[in-house]
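Asker: what follows is a predicted protein model with its sequence.
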Amino acid sequence: MSPNKPLLEARKLVVNYKNHRAIDALDLSVPAGCVYALLGGNGAGKTSTINTFLGFNRPTDGNVFIDGESPEQNPAAVRAKLAYLPENVALYNYMSGIENLSFFCTLANVRISRQQAHDLLANTGLQADAHDRRVSTYSKGMRQKVGLAVASAKQAKVMLLDEPTSGLDPSAANDFARRVRQAADLGMAVLMATHDLFNAKQVADRIGIMKAGRLVEEFDAHTVAHDELEHKYLAHARGSL
Ligand SMILES: Nc1ncnc2c1ncn2[C@@H]1O[C@H](COP(=O)(O)OP(=O)(O)OP(=O)(O)O)[C@@H](O)[C@H]1O
């Protein structure tokens, strides 16, 4: 694979919900090793973008590709390459962390031993005494670690994150950002929809700002200071840019 080939790509993507245009001619590209933070106010189109990569929304026009595959044409291949962490990771509350991880691996056709399951959870930073506890006792950050362990076990090429740090305390958000960074450094492409400018600046390589379904600005994260990012974000929100 060429180093610049995008693992995640939208080309002139349009998504309408009946008469409402939620995504308007979106071009987006995330290569291996890159964390892309998608910012934008409520209703800007971030979740709709993620849902289209997941195959939950059908493009009205244009295309999306995951490692060259279309979710519409080859959903099974796309599912195998993708890991998805929504704001609240959906787990079975009556099962332990280990049991959830093993179950979701089985659904993804990945076989792991009990020891591998413990190792995968330990690598996410989940404390050992929680592995065999029911996830109903887990905090939001702990549930996300199980989600990260599933992504890692699947050897997903692409990770989609929707508001991953909302409701996490600063230390859990910082820990989560480090884990996402590690996953990208191992070659994953990560697309993260977020309202958390601090987290975006901390973890992302590239930042895009959406407004009314359009990508109105895109830049390398290291080229802006935090207060500049906030200024740009607010200027777009107010319509002064
Ligand atoms: N299933 C749907 N049916 C109709 N309209 C929808 C649907 N989902 C989203 N929309 C509309 O599409 C637009 C984009 O919504 P979307 O949820 O993608 O925005 P967002 O940037 O993720 O917002 P937020 O930050 O509030 O989560 C909004 O105007 C929203 O009301």
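Answerer: Ah, there it is.

Asker: okay, now the unreliable bits of the chain?
Answerer: 1-4, 240-241 (pLDDT under 70).

Asker: now do 50
Answerer: 1 (pLDDT under 50).

Asker: what residues does it put near the ligand?
Answerer: Contact residues, the chain versus the ligand (CB under 6 Å from any ligand atom): 17, 20, 22, 40, 42-48. For every residue, glycine as well, the C-beta is placed using N, CA and C.

Asker: again, only this time at 5 Å
Answerer: 17, 22, 42-48 (CB under 5 Å from any ligand atom).

Asker: so of those residues, which ones are in strands?
Answerer: 17, 22 (DSSP state E).

Asker: nearest to P86, of the residues of the chain next to the ligand?
Answerer: Using CB to CB, T47 comes nearest to P86 of the residues of the chain next to the ligand, at 9.0 Å.

Asker: wait, the closest one sits on L191?
Answerer: No. In this structure T47 lies outside contact range of L191 using CB atoms under 8 Å: 11.5 Å.

Asker: now restrict the residues of the chain next to the ligand to buried residues only.
Answerer: Burial of those was assessed by neighbour count (16 or more other CB atoms under 10 Å); the buried members are 22, 44-48.

Asker: any chance you could list what contacts the helix or strand containing A37?
Answerer: Assessed by DSSP states H and E, A37 sits inside strand 35-39. With contacts defined as CB atoms under 8 Å, 6 or more residues apart in numbering, strand 35-39 is touched by 8, 28, 30, 46, 49, 180-181, 184, 189-195, 197, 199-200, 203-210, 221, 233.

Asker: look up how far the ligand lies from F198.
Answerer: 16 Å (CB to the nearest ligand atom, to the nearest Å).

Asker: residues contacting the nearest residue to V203 once chain neighbours are set aside?
Answerer: The shortest distance from V203 to any non-neighbouring residue, by CB to CB, 6 or more residues apart in numbering, is to A177 (4.2 Å). Contacts for A177 (CB under 8 Å, 6+ apart) come out as 165, 199, 202-203.

Asker: picking up where we left off before, so which of the residues of the chain next to the ligand are in helices?
Answerer: 46-48 (DSSP state H).

Asker: what's across from the nearest residue to E218 once chain neighbours are set aside in the sheet?
Answerer: Counting by CB to CB, 6+ apart, the nearest residue to E218 once its immediate chain neighbours are dropped is G208, at 4.5 Å. Legend: beta-bridge partners of G208 under DSSP bridges are L38, E218.

Asker: so who does G208 touch?
Answerer: Neighbours of G208 in contact, by CB under 8 Å, 6+ apart: 28, 36-39, 215, 217-218.

Asker: ends of stretch 90-100, how far apart?
Answerer: 10 Å (CA to CA, to the nearest Å).

Asker: flag every buried residue along the strand or helix carrying D175.
Answerer: Using DSSP H and E, D175 maps to helix 170-185. Neighbour-count burial for helix 170-185, counted by 16+ other CB under 10 Å, picks out 172-173, 175-177, 179-181, 183-184.

Asker: which of those residues sits closest to Q127?
Answerer: Using CB to CB, these come closest to Q127 at D175, 11.8 Å.

Asker: the closest one and E230: what is the separation?
Answerer: 23 Å (CB to CB, to the nearest Å).

Asker: for this protein, what spans make up the helices?
Answerer: 46-53, 75-81, 97-107, 114-123, 140-154, 170-185, 197-203, 226-238.

Asker: L161 is nearest to which of the ones you listed?
Answerer: helix 170-185 (7.1 Å).

Asker: having no further points to raise, I will conclude here.
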